[in-house]
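**Q** sequence plus predicted model, see below.
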Amino acid sequence: LGTVDPYWDTLQYHWPYAARAAGMCDRDCFAMFGELEERYSGFPMLYHRAFGWLWRLSGTPAAGHVLTIAAVVALCAYMRRRFAVPLAWSWLAVLAIPLLHIHLSASYADLFANSLLTIGILVLVGILHARSAPTRGELAIALVALGLAAGTKLQLIAVAALVWVAIVVAASQMRRRAGARHPWRYAVLLALLG
């Protein structure tokens, strides 16, 4: 936890955003140039708030890396639970990608968000593969994972929404095929939850 992540995104905006979001620094403490200040005002701040609070509680920004590691572990655990992929295989698959080594030890939001988006996509794959309506637990996992992904990166808001729409359509179709009454009500409820 004593090493500092020297990469551009970290020093350019991840740490300033996290410090501001956690109340460790205000506009007077660290002035960002116009474009970054505007981006800060419109950026989804869920990841940066959590990162900042971990930093504030621990005293080191490296504590925020726990978020990324937790998201990758959650992805591996989901693949184990849903598709019976051994944990060692999924973890080795992650470690086989050199860029992910940097992301696991850096203050980037990308791997965190993409791991959660992948969980949402895997819920959709599971629904289509099983050809049965998803459980409430699966829907909750997808909703939380996609919500966290959308709350982390601006670019993933539309992608997460599209994945959720696909889940709603697939789940509603599976319920209709199973003879459930009023599958459209189910679809509307899921859409509202999303």
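**A** Yep, it's here.
**Q** element containing Gly137?
**A** Using DSSP states H and E, Gly137 maps to helix 136-150.
**Q** my bad, should have said Val94
**A** Counting by DSSP H and E, Val94 is part of helix 87-95.
**Q** off-centre distance for that helix?
**A** When distances are taken as CA atoms, centre = their mean, to the nearest Å, helix 87-95 is centred 19 Å away from the chain's centroid.
**Q** got the buried residues for the helix or strand that it is followed by?
**A** Downstream of helix 87-95, the first helix or strand assigned by DSSP H and E is helix 98-104. Within helix 98-104, the residues that count as buried by 16 or more other CB atoms under 10 Å are Leu100, His103. From N, CA and C alone the C-beta is placed, and that goes for glycine too.
**Q** what segments of the protein are helices?
**A** Using DSSP state H, the helices of the chain run over 8-9, 15-21, 34-42, 46-58, 65-83, 87-95, 98-104, 110-130, 136-150, 156-177, 183-193.
**Q** and the fourth one with helix 34-42, angle?
**A** Relative orientation of helix 46-58 with respect to helix 34-42: 90 degrees, computed using axes from the mean of the first three to the mean of the last three CA atoms, to 10 degrees.
**Q** need the residues that contact helix 46-58.
**A** For helix 46-58, contacts defined as CB atoms under 8 Å, 6 or more residues apart in numbering pick out 1, 14, 17-24, 61, 63-64, 66-67, 107, 109, 112-113, 148, 151-153.
**Q** if we use 6 Å, what do you get?
**A** Here helix 46-58 makes contact (CB atoms under 6 Å, 6 or more residues apart in numbering) with 17-18, 21-22, 24, 61, 63-64, 67, 109, 112, 151-152.
**Q** now do the same contact list for Leu116.
**A** Leu116 sits in contact with Ala71, Ala145, Leu148, Ala149, where contact means CB under 6 Å, 6+ apart.
**Q** again, only this time at 8 Å
**A** Here Leu116 is in contact with Ala71, Ala74, Leu75, Ala145, Leu146, Leu148, Ala149, Thr152 (CB under 8 Å, 6+ apart).
**Q** right, I'll leave it there.
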